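Undergrad: Build me a model:
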Amino acid sequence: MENMIQVIDIEKYYGYGGNLTKAIDRVSFNVRQGEFVSIMGKSGSGKTSLLNIIATIDVATAGHVIFEEKDITKFSDDEKADFRKNNIGFIFQDYNLIDTLTVKENICIPLIMNRIDRKIINKKADSVLQQLDIYDIKDKYPYQISGGQQQRCACARALINDSKYLFADEPTGALDAQSSVNLMEVFKIINDKFKTTILMVSHDAISASFSDRVLFLENGKIVYELLRGTKDNEQMLKEILIIQKV
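TA: All right, here's what the predicted structure looks like:
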């Protein structure tokens, strides 16, 4: 499969003068088309900083991020905003849903902002609602549904714009164990059915066990890479837990 994302010698410093902190230390890796990759590490390891740089939310101090042969580190702010709008869906721990809008209205926000025809919006919204099994709650408000259903809503909103890439930052952080598994099963549906390339930051071994590949970050460096190969989720989970203890 073709490499869709190339991360090349990324460095990130925070602070000034004698108070510089190196958050990311010459990180390089590729993500293939349709791959589901997780980045794991302890708090402060640099995983969220790395995700934000790849997603064009933050700026690298040095290095390059290349999407489909386009070096986005050279993009202007406007070009980055357009790239995000047209290519990337985001899912965060706190869902970022608007309580005064229904589930369906929340999902439609990206298309409304892009001034898409209302008939097309309704058709696409109904389709993604059905595929993520939340059509029956489309007229409810976020405060009327469970945390797991809210995250499915966030997934639907991220996908409605036909995003090629899904970036998730601790998406199961506020969910219980069963809801986390349910959400990861949704991620696998997104990955398999929509052929969406997924890059996820997580501290949760169970969530990461659904991935095709896990990168372990420590002090801003990739220290280990775990490939699924023929492993099932249980085998992946065991290996992740062993690596975390080393």
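
Undergrad: Go through the protein and flag its longest helix.
TA: Criterion DSSP state H: the longest helix present in the chain is helix 177-193.

Undergrad: what's downstream of it, the next helix or strand?
TA: Of the helices and strands lying after helix 177-193 in sequence (DSSP states H and E), the nearest is strand 197-201.

Undergrad: which stretches of the protein have low pLDDT?
TA: Per-residue confidence of the chain (counting by pLDDT under 70) places the weak regions at 1, 246.

Undergrad: show me where it has helices.
TA: Listed in chain order, the helices of the chain (DSSP H) span 47-54, 77-87, 103-113, 118-131, 147-159, 177-193, 205-208, 233-245.

Undergrad: Which positions within the third one qualify as buried?
TA: Which is helix 103-113. Buried residues in helix 103-113, counting neighbours by 16 or more other C-beta atoms under 10 Å, are found at Val103, Lys104, Glu105, Asn106, Ile107, Cys108, Ile109, Pro110, Leu111. Placement of C-beta: from N, CA and C, glycine included.

Undergrad: ok, how many other residues are close to Thr21?
TA: 10 (other C-beta atoms under 10 Å).

Undergrad: For it, give its distance to Ala208.
TA: As for Thr21, its distance to Ala208 is 26 Å (criterion: C-beta to C-beta, to the nearest Å).

Undergrad: Also Lys221?
TA: Noted for Lys221: a distance of 18 Å to Ala208, by C-beta to C-beta.

Undergrad: ok, those two, which is more surrounded?
TA: Between Lys221 and Ala208, counted using other C-beta under 10 Å, Ala208 has the larger neighbour count: 28 against 15.
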